[in-house]
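J.: My questions concern the predicted model and sequence given below.
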Amino acid sequence: MKTYGSLRVRFVLYFVGFMSASLILLGHALFNQEHQALNGELRKRLRIQVSNLQAQAREALETNDDLTLLTNLRALRNMDDFVFAAVLHPDGTVFAHSEVRELGGKLTIPDEAAVELLQPVFREMRDEHGQQQAEVWAPVTSTLRGTPERIGLVCLRVSKAPLSAAVADAKMAAVRIGALFTLLAVAGTMLITRTVTQPIGRLVHGVQRIASGDLDHKVNLRRSDEIGLLSDSFDRMTVDLQNAQQELLKQRLYEKELEVAGKIQASLLPSGPPHVDGFEMAALSVPARVVGGDFYDYVPLRGGRTAFLVADVAGKGVSAGLVMAAARSAARSAFGFTASPHEALIALNEQLLNDFDRTTFVTMLCMVLDPATRTLHLANAGHPPLLWWRADERRLEIVRLQGVALGILPPDRFRGLLEAGEIQLGVGDLVFAYSDGVNETHDRDGLLFGEERLRQFVVAHAGRQPHAFLEVLREELERFSKGFGQFDDITALAVRATPVGQERIAPVIDSMLAGAPEEV
C-alpha cells in the first residue's frame, strides 16, 4: 500500500533548509568581505607607521644617533598587536631594535626586500606557536651625497591575533544572528504551513470520505482564496456525482425495463412458421434497438388459408414498439371478420385513426395464401413491394400495388387508393417480403445496400429453402455494413412453393421411365 508523508513537515524542512543555506552563503560572503576589509585596514595602518619609522631612521642613520630612535621603537610596544620593530643597515646588521638585546645582531633580509625597493613589502608568516603574523619592510634612503642612496631598512612586525579575534567575534555574532533568523523562519514557516496545510488536510480528509462513497459529505471551508475555490469545487463535484449517480440508476432501470419490453415484444412474434402443405416459410426479425417497430405475423384463417403480415411502424424504440403491439392486435382482430387482405387493411386503417394521431403511421404488406389453389391474395399499404421469383420462367417479378400507409388518410380516401391483387404460385416459386431496413442497410461510407443489390441476391439464392435464404441474407447484410452498426429494424419473410402429393411422385416416375429399357 502506498504511504504518504506530511506536507507540513516537507514544507518546513524545505523552507528551513533553503533559509539555512542562504544564511550560510551570505555569512561566508560577509566574512570574506570583513576579513579583506580588516586586512586592508591593517596594511594601511602599518604603512603609516612604517612611513614614520622611515623618517626617524633616516635622521638617526645620517647622524648615527640611535638613542632617540630606540626610544621611539620602544614606544611602539604599547600597540596591542606589536611584535617588534627594527632598523637595519643594508647588510642586515641591527642598528636599532625594540628589544635592546637584539642590538648589533643580524636579521635575515627576505629576498623581496633585499632588492632596491621603492615601495614597502608586506609579508605574512607564522611564529613558532603557529600564530599568524604580518610584517612590512621599507627602504631608508638618504640624499646627503646628492643622489638617493639606500642607507638602511625598516622592519615592523605585528601579530594578527587581534584581527583573527575580531573575525571570530564577527563569526559568532553572525552565527547568533543566523540562529535567531532560523528560529524566526521556523516559527514563521510553522505559522504559514498551518494556515495553508490545515485546510488542505481538511480537503484531503473530505476527498477520502467522498472516495469511500459518502457523497453527502461537504468540505465547506468558507474561504475566499484559491483553497476556498477548491473546497467549493469539491462540494459542487459531490452534488454532480450524486446527480450522475441518480441518472445512472435511472438509466439502468430504463435499460432493464427496455430489456423486459424487448422480451415481451419478442414473445408477440410467432414462435415458428405454421405448417402449410405444399409450402415452406420462414421469417427474420432483427430490431435496431432493444425494442423495435417492425413486426411480422402468421394468422390462421378458415378454410386452411393463412395470412402473412410484414409491417413497419414509423419510428424506433419504445413508442414504435407500443404502436407495433396495437397494430398487431388490431390486424388479428380484423382477420377475425374477413379473409380479404384488402378489407383487413381498410379496417386496420380505421382502427389506427381512432387510436393514434396522424403523426403515427404504419406500412404493411398483407398476404393471404390459399394452399388449395396456390393463390396469394395481396394488398399493400405503403410497404416495399413483394419480390416474386418465378421458377418456371427463371425470372424475378416485382409485384407493385397502389396503397398508402395506415393511420394517415380517412377511410374513404384510403379505400379509394388501396389496390388489391393476387398471384398464382407454381412449384419452386419464392415470394419475399421485407421492410426498408433491409435495402437501406449502409456501410461506413454511407453506401446503401439498395433495391438492385437486393434483387440480385434474391435471384442468386431463390433456390434455397426459406430459412437458409434468410440466414444467408442476414450474413450478407452484416458483411456489407462491415460492422458499422444497424440503424433501422430489419424484418423479412419468405414463402416457397414446394411439390405436394402427386407432384412429388410424378418427377420420380418420369425419371424411372426415362431410364427403363425398351421392350423387344
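T.: Noted; the coordinates are in hand.

J.: In terms of helices and strands, where is residue 422?
T.: Taking DSSP states H and E as the definition, one finds residue 422 inside strand 420-424.

J.: okay, now residue 459: neighbour count?
T.: 14 (other C-beta atoms under 10 Å). C-beta here means a position set from N, CA and C on the backbone, and glycine is covered the same way.

J.: Skipping its backbone neighbours, what lies nearest it in space?
T.: Excluding the flanking residues, the one nearest residue 459 by C-beta to C-beta, 6 or more residues apart in numbering is residue 396, at 5.3 Å.

J.: what angle sits between the helix or strand containing that neighbour and strand 420-424?
T.: Here residue 396, judged by DSSP H and E, is contained in strand 395-399. Put simply, strand 395-399 runs at 160 degrees to strand 420-424, going by axes from the mean of the first three to the mean of the last three C-alpha atoms, to 10 degrees.

J.: What average pLDDT does stretch 323-339 get?
T.: Stretch 323-339 shows a mean pLDDT of 90 in the predicted model.

J.: Figure out how far it is from the centre of its chain.
T.: The chain centroid and the centroid of stretch 323-339 are separated by 55 Å, computed with C-alpha atoms, centre = their mean, to the nearest Å.

J.: now swap in stretch 61-73 and tell me
T.: Stretch 61-73 sits 95 Å away from the centroid of its parent chain (C-alpha atoms, centre = their mean).

J.: Ok, stretch 147-166 next?
T.: The answer for stretch 147-166 is 78 Å, by C-alpha atoms, centre = their mean.

J.: Spell out the secondary structure type for residue 155.
T.: Three-state assignment for residue 155 (DSSP: H, G, I helix; E, B strand; the rest coil): strand.

J.: Render the CA-only coordinates of stretch 180-200 in CSV, please.
T.: Taking Å, rounded to 0.1, in the frame of the first residue of the first chain, the C-alpha atoms of stretch 180-200 are listed here in CSV:
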residue,chain,number,x,y,z
LEU,A,180,17.8,33.8,15.5
PHE,A,181,16.7,34.2,11.9
THR,A,182,16.4,30.4,11.6
LEU,A,183,14.2,30.2,14.7
LEU,A,184,12.1,33.1,13.4
ALA,A,185,12.0,31.3,10.0
VAL,A,186,10.9,28.1,11.6
ALA,A,187,8.2,29.8,13.6
GLY,A,188,7.0,31.8,10.6
THR,A,189,7.1,28.7,8.4
MET,A,190,5.0,26.8,11.0
LEU,A,191,2.5,29.6,11.0
ILE,A,192,2.4,29.7,7.2
THR,A,193,2.1,26.0,6.9
ARG,A,194,-0.6,25.9,9.5
THR,A,195,-2.5,28.5,7.5
VAL,A,196,-2.0,26.6,4.2
THR,A,197,-1.8,23.0,5.0
GLN,A,198,-4.5,22.7,7.6
PRO,A,199,-7.3,23.5,5.1
ILE,A,200,-5.5,21.2,2.6
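
J.: how far is that stretch from where the chain is centred?
T.: With C-alpha atoms, centre = their mean, you get 36 Å for stretch 180-200.

J.: Report the rounded mean pLDDT for it.
T.: For stretch 180-200, mean pLDDT is 74.

J.: Equivalent analysis for stretch 209-222, please.
T.: 74.

J.: Next: stretch 244-252.
T.: 81.

J.: Look through this protein and tell me its longest helix.
T.: Criterion DSSP state H: the longest helix present in the chain is helix 7-63.

J.: Assumed residue 365 was part of a strand.
T.: Yes: counting by three-state DSSP, residue 365 is found in a strand.

J.: which ones are touching it?
T.: By C-beta atoms under 8 Å, 6 or more residues apart in numbering, the residues touching residue 365 are 309-311, 378, 380-381, 383-384, 386, 433.

J.: ok, what's across the strand from it?
T.: Per DSSP bridges, residues listed as beta-bridge partners of residue 365: residue 310, residue 380.

J.: circling back: wait, the residue nearest to residue 459 sits on residue 458?
T.: Yes: assessed by C-beta atoms under 8 Å, residue 396 is found in contact with residue 458 at 5.9 Å.

J.: If you count neighbours, what's buried in stretch 101-121?
T.: By neighbour count on 16 or more other C-beta atoms under 10 Å, the buried set for stretch 101-121 is 109, 113, 120-121.

J.: Which of the residues you listed sits closest to residue 47?
T.: Closest to residue 47 out of these is residue 120 (6.1 Å), distances taken as C-beta to C-beta.

J.: beta partners for the closest residue to that closest one other than its chain neighbours?
T.: Leaving aside its sequence neighbours, residue 120 sits nearest to residue 138 (C-beta to C-beta, 6+ apart; 4.2 Å). Beta-bridge partners for residue 138, by DSSP bridges, are residue 154.

J.: about what we covered before: report all helices and strands that the longest helix of the chain contacts.
T.: Identification of packing neighbours for helix 7-63 by 3 or more C-beta pairs under 8 Å, 6 or more residues apart in numbering; DSSP states H and E yields helix 67-75, strand 82-88, strand 94-97, strand 132-142, strand 149-159, helix 161-211.

J.: Which element, helix or strand, includes residue 487?
T.: Residue 487 is part of no helix or strand, with elements assigned from DSSP H and E.

J.: Skipping its backbone neighbours, what lies nearest residue 391 in space?
T.: Of all residues beyond its chain neighbours, the one nearest residue 391 is residue 428 (3.0 Å), with distances taken as C-beta to C-beta, 6+ apart.

J.: Flag the shaky bits of this protein, pLDDT-wise.
T.: 1-12, 116-118, 193-194, 196-198, 221, 254-268, 290-292, 316-317, 485-486, 501-520 (pLDDT under 70).

J.: and the strand holding residue 396, which strands flank it?
T.: By DSSP bridges, strand 395-399 pairs with strand 386-390 (antiparallel).

J.: what's the burial count for the residue nearest to residue 120?
T.: Residue 138 has 25 neighbours, counted by other C-beta under 10 Å.

J.: just the strands in the stretch 301-450 of the chain please.
T.: Along the stretch 301-450 of the chain, counting by DSSP state E, counting those that start in this stretch, strands occupy 306-313, 362-370, 375-381, 386-390, 395-399, 420-424, 430-434.

J.: what helices or strands is the first one leaning on?
T.: Packing contacts for strand 306-313, counted by 3+ C-beta pairs under 8 Å, 6+ apart, involve strand 294-300, helix 317-334, strand 362-370, strand 430-434, strand 490-497.

J.: I'd like to know which elements the second one is packed against.
T.: By that I understand helix 317-334. helix 226-268, strand 294-300, strand 306-313, helix 341-355, strand 362-370.

J.: Nearest to residue 448, out of those?
T.: strand 306-313 (16.5 Å).

J.: I'd like to check the angle between that closest one and strand 490-497, please.
T.: 160 degrees.

J.: Hmm, residue 151 and residue 62 touching each other?
T.: Yes: contact criterion C-beta under 8 Å: residue 62 and residue 151 qualify, at 7.3 Å.

J.: shared neighbours of the two, which are they?
T.: Taking C-beta under 8 Å, 6+ apart as the contact rule, residue 62 and residue 151 both touch residue 142.
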